[in-house]
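Participant: have a look at this fold, sequence not included:
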């Protein structure tokens with residue numbers, strides 16, 4: 001294995017370990033080592049290729065299916081995406097290592113209140129975006145009515 005393939009393997013292995021701990025499952029039951037090696041070696045660039053590789057080693061685990069986008073981003077963006085994932089806090093399950101759109105758990109919007117308590121800056125950013133969008137809508141409506 002060359003150094004970039006080894007590095008990709010390590011990133012995918014870390015992802016599998018975090019997901020296994022998160023869903024309370026054995027890592028080998030989520031994805032085999034041979035699957036990770038093949039993904040690291042081939043570095044597929046689209047979701048269909050990733051799904052094909054994973055399913056060639058057996059059925060895709062139910063907790064891996066929602067995170068295939070995460071695998072794609074690890075393969076394509078590598079260090080930048082992984083460092084961002086490790087810093088971010090999931091709004092759905094309040095764990096680190098993945099983001100809302102890649103959470104393996106069922107979406108629960110009630111947890112967003114808890115997330116806001118932990119991360120008060122989220123509400124400030126959200127309100128700023130809402131104010132900006134409201135101004136843009138008012139400008140668009142204003143332009144549409146005045147001829």
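Facilitator: That came through, no problem. All of these numbers come straight from a predicted model, not from anything done at the bench.

Participant: what comes up buried for the helix or strand where residue 12 lies?
Facilitator: When elements are assigned from DSSP states H and E, residue 12 belongs to helix 3-23. Buried positions in helix 3-23, judged by neighbour count with 16 or more other CB atoms under 10 Å: 8-9, 11-13, 15-16, 18-20, 22-23. Glycine gets a C-beta too; all of them are placed from N, C-alpha and C.

Participant: out of those, who's nearest residue 43?
Facilitator: Using CB to CB, residue 8 comes nearest to residue 43 of the buried residues of helix 3-23, at 6.5 Å.

Participant: gap between that closest one and residue 20?
Facilitator: 19 Å (CB to CB, to the nearest Å).

Participant: and if you look at residue 48?
Facilitator: The value you get for residue 48 to residue 20, if CB to CB is used, is 25 Å.

Participant: again, but for residue 56
Facilitator: Relative to residue 20, and taking CB to CB, residue 56 is found at 21 Å.

Participant: what does residue 57 give?
Facilitator: 16 Å.

Participant: then residue 103?
Facilitator: Distance from residue 103 to residue 20, by CB to CB: 15 Å.

Participant: then residue 29?
Facilitator: Distance from residue 29 to residue 20, by CB to CB: 8 Å.

Participant: going on from the strand or helix carrying residue 37, what's the next piece of helix or strand?
Facilitator: Taking DSSP H and E as the definition, residue 37 sits inside helix 33-42. The helix or strand immediately downstream of helix 33-42 is helix 47-56, counting by DSSP H and E.

Participant: which other helices and strands contact that following helix?
Facilitator: helix 33-42, helix 68-77 (3 or more CB pairs under 8 Å, 6 or more residues apart in numbering; DSSP states H and E).

Participant: all set, thanks.
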